[in-house]
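> have a look at this prediction, sequence included:
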Amino acid sequence: MRTADETPELPRGIALAWGVAATPQRGPKRELSIEGIVDAAMEIADAEGLAAVSMTAVAAKLGFTTMSLYRYVSAKDDMVLLMYEQALGVPPRRDPEAGWREAAKSWFHSLLAVYRARPWVLDIPMQGVPSTPNSVAWMDAGLATFESTPLSYADRLSVTLLLSGYGYWQALIERMYMQAAPDDQALAEVERSQEQVLMSLVSPEEFPTVAHVLQLGLLGPESTNDPFGVGLELVLDGIAGRIDASQKPEADGANGTQGTPAEGAEGASAATTPEIDAAVLKDPGAREASRKRRDAETALRQAEQQLRESQRKEREALGKARERARKQAAKAAKLAEKAGRPTSC
């Protein structure tokens, strides 16, 4: 285990996320906190988008000077990193009775819900591997989804990243639609208009396949086709194929029962659509439940930070206690040596 003395130098934002950053410099007592700064920044992002977030805007919202914020977060990038961490929250706990396919879909839809609730998260540039507690927790939960399968850890990582990337892409497309048409009625009008334009331009002779799709009504507002849902099932089918290929010849087939077509069909019947999800997010009861969940996640994150801080202080106290004990032992040894030494006449 890495000791406190071996801890590498961490970027300020990552250190803040893990609760191991030094406290602000001493000065006049203020009513600011890192949590308050991040909450204010998220409120701005929720209302106006990530582009509206700046140190100046957050300071103004809190009623402080911009320089006051720099005692807590050294740069806007650090603040955005903490916003991302809080928006992610903790991943849902996996049902131990669920098969890998059901668990993977649950993990996927939970991550998609994060993007839908806070679309500005999609505007935060990806910077390599997860580096904050919640982002690491999400990856850990994704990898754990495939524990019961014979997939190698390399394959588990690959399929976890595949599902994560698919969720990110779906959320981006959904946001584009929402920006073009903020409600279902407006979206239907946009789709109907686009369908009519295409039908007037596309001829069966020049684009026979697209023309046939238009004739089937698959691109219009009345279409019941769910390309995202179908895409997810295809991704899961591909993972199932990888699992089947990874089975050992001597296996008794018990593991192979997971991810069967029957399980996939069951999961498909419970699939949602963007319209349903949008209605759910507008439901007062759902919004209140989401608020309570976010409050609980915040309390959990604060408790974890307090735990890490307590552990750090414990390590420091133990180190100082050991140092004092060594000094006392050395002093006692010197006194004993001096007491046993014969005096000169």
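Looks like it came in fine. Numbers count the residues shown, from 1 in each chain.
> just how off-centre is stretch 169-186 within its chain?
Put simply, stretch 169-186 sits 21 Å off its chain's centre (CA atoms, centre = their mean, to the nearest Å).
> start the count at 9, not 1, going forward
I'll keep to 9 as the first residue from here, and by that count the last item is stretch 177-194.
> buried ones in it, by neighbour count?
Neighbour-count burial for stretch 177-194 flags 178-179, 182-183, 186 (criterion: 16 or more other CB atoms under 10 Å). The C-beta positions use only the backbone N, C-alpha and C, and glycine is treated the same way.
> where is pLDDT lowest across those residues?
Ranked by pLDDT, the buried residues of stretch 177-194 bottom out at M186 (85).
> narrow the buried residues of stretch 177-194 to those in helices?
Mapping those onto helices (DSSP state H) picks out 178-179, 182-183, 186.
> quick one: which of the residues you listed is nearest to R20?
A179 (28.7 Å; CB to CB).
> need the contact list for that closest one.
Going by CB atoms under 8 Å, 6 or more residues apart in numbering, A179 touches 120, 123-124, 127, 130.
> ok, now how distant is it from L171?
Distance, A179 to L171, by CB to CB, to the nearest Å: 13 Å.
> again, but for G249
15 Å.
> how much space separates the nearest residue to L70 once chain neighbours are set aside from E110?
Leaving aside its chain neighbours, L70 sits nearest to A48 (5.3 Å; criterion: CB to CB, 6 or more residues apart in numbering). Separation of A48 from E110 (CB to CB): 39 Å.
> same deal with P235?
Going from P235 to E110 by CB to CB gives 22 Å.
> related to what we said a few turns ago, of all the ones in helices among the buried residues of stretch 177-194, which comes closest to R200?
For those, the residue nearest R200 by CB to CB is M186; the value is 17.3 Å.
> for F154, list the residues it contacts.
Contacts of F154 (CB under 8 Å, 6+ apart): 108, 112, 163-164, 167-168.
> so it is in which element?
Using DSSP states H and E, F154 sits in no helix or strand.
> gap between it and A121?
F154 is 21 Å from A121, by CB to CB.
> what's the farthest-apart pair in the buried residues of stretch 177-194?
Within these, two members stand farthest from each other by CB to CB: Q178 and M186, at 12.5 Å.
> how far is stretch 148-161 from where the chain is centred?
Centroid separation between stretch 148-161 and its chain, computed with CA atoms, centre = their mean, is 18 Å.
> which parts of it are buried?
For stretch 148-161, by 16+ other CB under 10 Å, it's 149-150, 152-154, 156-159.
> cool, stretch 212-222 as well?
219, 221-222.
> tell me the one of these nearest V81?
Using CB to CB, these come closest to V81 at V221, 50.4 Å.
> S231 is in contact with the closest one, correct?
No: counting by CB atoms under 8 Å, V221 sits too far from S231 to count as a contact (9.7 Å).
> how close does W115 get to R79?
For W115, the distance to R79 (CB to CB) stands at 38 Å.
> give me the more crowded residue out of these two.
The residue with more neighbours, out of W115 and R79, is W115; 22 against 15, by other CB atoms under 10 Å.
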